[in-house]
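Chemist: With the sequence up front, the predicted model follows.
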Amino acid sequence: MTTKNETPALITALVITVGLVGGGLWWLNRSGTLDLSKLAQQPQDSTQTSAPSLPKAVDDFASVSDVPQGLFNYGGSTTWAPIRSTVDSEIETVWPDFELRYVNPTAKPPSSGVGIAMLLNGQLSFAQSSRSLRTEEYEQAQQQGFSLQEIPVAIEGIAIAVHPDLQIPDLTLDQLKDIYTGQSTNWQQVGGPDLPITPYSRSTEGGTVDYFIDAILGGENLGSVVQFVDDTTLALREVSNNPGAIYYASAPEVVGQCTVRPLPVRRVDDELVAPYVEPFVPLENCPDQRNQPNTEAFRSGQYPITRRLFVVVKQNGQSDQQAGETYAQLLLSNQGQALLSQAGFVQVR
């Protein structure tokens, strides 16, 4: 029998091997070649950067540390317009040297997709998006030598707008799908009057449209009957002038309007849920009184059309990354979350 004689040698060899491996890792980490903390956090899919855990919340904007100084370009989703007009102005009041400049695209209407493309092309320091990053966007960043990270900062609902005089109480998600795929072309087919349906939508590069196609249409294309508009302001004007029109957009952009009516929606077997706080404020009372987004239903998921908003950050170790991460941290502070709530969005913490 040789087993007993070989055992001490095997143990010795194992100890030496472990020591060599451990020593090698220690040396690599010490020399900066290997970051053990980052190694533990690498996602399985090398083309994507995993979503970070939310940073520890601070009370207010003034409590956020390491805020960079300088002028930083940003842009993207039109859904973020209420945030840019209210929350961002408050940030600049507290941190005037953290200058934020919104940049409009030159060749296309602004949208999540266009903003992310501008970020990849070096035109923006960070982007505002109403959809998750696509695999091809991660891959394009990787080809350029950096990665992208999406940081969720808020939740919102999508509201359906119709003409105030349209006699229809609500829509199911299936009926909404039939309208936008061209299966239903008259309001009579979905419980309304004998009136042609005119569905409006923004271009397919928008984050709202991407979400709508995926979540409501099940990936099917928008029908040939859909009329495209450049922005929500123009679309709502069209709806207010066309008794058979319908449009979908961010709830904060729709619910408080004086010239269109936001429709309650429901899943087939569920009770209908309004995108506004009930009871509905008659439009003749507007603008003195306005309807408010139903943020509690958005938060609970009772309202069936909700999504998250993201700050998209370029992970390149430079000032752009610091600016994007700082902006996200400001929005995730207690003050930032409260201001997002006031703007009609739902807090994520």
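Modeler: Happy to help now that I have it. Numbering: from 1, shown residues only.

Chemist: how about the strands of the stretch 201-349 of the chain, start to end?
Modeler: Defined through DSSP state E, counting those that start in this stretch, the strands belonging to the stretch 201-349 of the chain, from first to last, are 227-229, 245-250, 261-263, 265-266, 306-315, 346-347.

Chemist: So for residue 191, which of those sits nearest?
Modeler: Ranking these by proximity to residue 191 (Cβ to Cβ) places strand 261-263 first, at 11.6 Å. Using the backbone N, CA and C atoms, a C-beta is placed for each residue, glycine as well.

Chemist: And the contacts of the closest one?
Modeler: The set of residues external to strand 261-263 that reach it, using Cβ atoms under 8 Å, 6 or more residues apart in numbering, is 159-164, 166, 168, 170-171, 251, 254-255, 274-276, 283, 291.

Chemist: How are the helices of the stretch 1-150 of the chain distributed by residue range?
Modeler: For the stretch 1-150 of the chain, the helices identified by DSSP state H, counting those that start in this stretch occupy 3-31, 36-41, 81-94, 112-120, 135-143, in order along the chain.

Chemist: comparing these, which gets the lowest mean pLDDT score?
Modeler: Least confidently modelled of the helices of the stretch 1-150 of the chain is helix 36-41, at a mean of 29 by mean pLDDT.

Chemist: Give me the below-cutoff pLDDT ranges for this structure.
Modeler: Under the criterion pLDDT under 70, the flagged ranges of the chain are 1-55.

Chemist: Can you name the element that comes right after the longest strand anywhere in it?
Modeler: Assignment by DSSP state E gives strand 147-162 as the longest strand of the chain. Past strand 147-162, further along toward the C-terminus, the next helix or strand under DSSP states H and E is strand 171-172.

Chemist: what's the following helix or strand after that following strand?
Modeler: Sequence order places helix 173-181 as the next helix or strand after strand 171-172, per DSSP H and E.

Chemist: And that next one, what does it pack against?
Modeler: Packed against helix 173-181 by the contact rule (3 or more Cβ pairs under 8 Å, 6 or more residues apart in numbering; DSSP states H and E) you find strand 198-202, strand 265-266.

Chemist: residues contacting residue 68?
Modeler: Applying Cβ under 8 Å, 6+ apart to residue 68 gives the contacts 98, 319, 322, 323, 326.

Chemist: What sits closest to it if chain neighbours are left out?
Modeler: Counting by Cβ to Cβ, 6 or more residues apart in numbering, residue 68 lies nearest to residue 322, which is 4.9 Å off, once chain neighbours are set aside.

Chemist: Report how many residues lie close to the one you found.
Modeler: For residue 322, the count of nearby residues is 18 (other Cβ atoms under 10 Å).

Chemist: That one against residue 66, yeah?
Modeler: Yes. Taking Cβ atoms under 8 Å as the definition, residue 322 is a contact partner of residue 66 at 7.3 Å.

Chemist: what pairs with the closest residue to residue 152 other than its chain neighbours across the strands?
Modeler: The shortest distance from residue 152 to any residue other than its chain neighbours is 4.7 Å, reached at residue 308 (Cβ to Cβ, 6+ apart). Residues found in beta-bridge contact with residue 308 (criterion: DSSP bridges) are residue 155.
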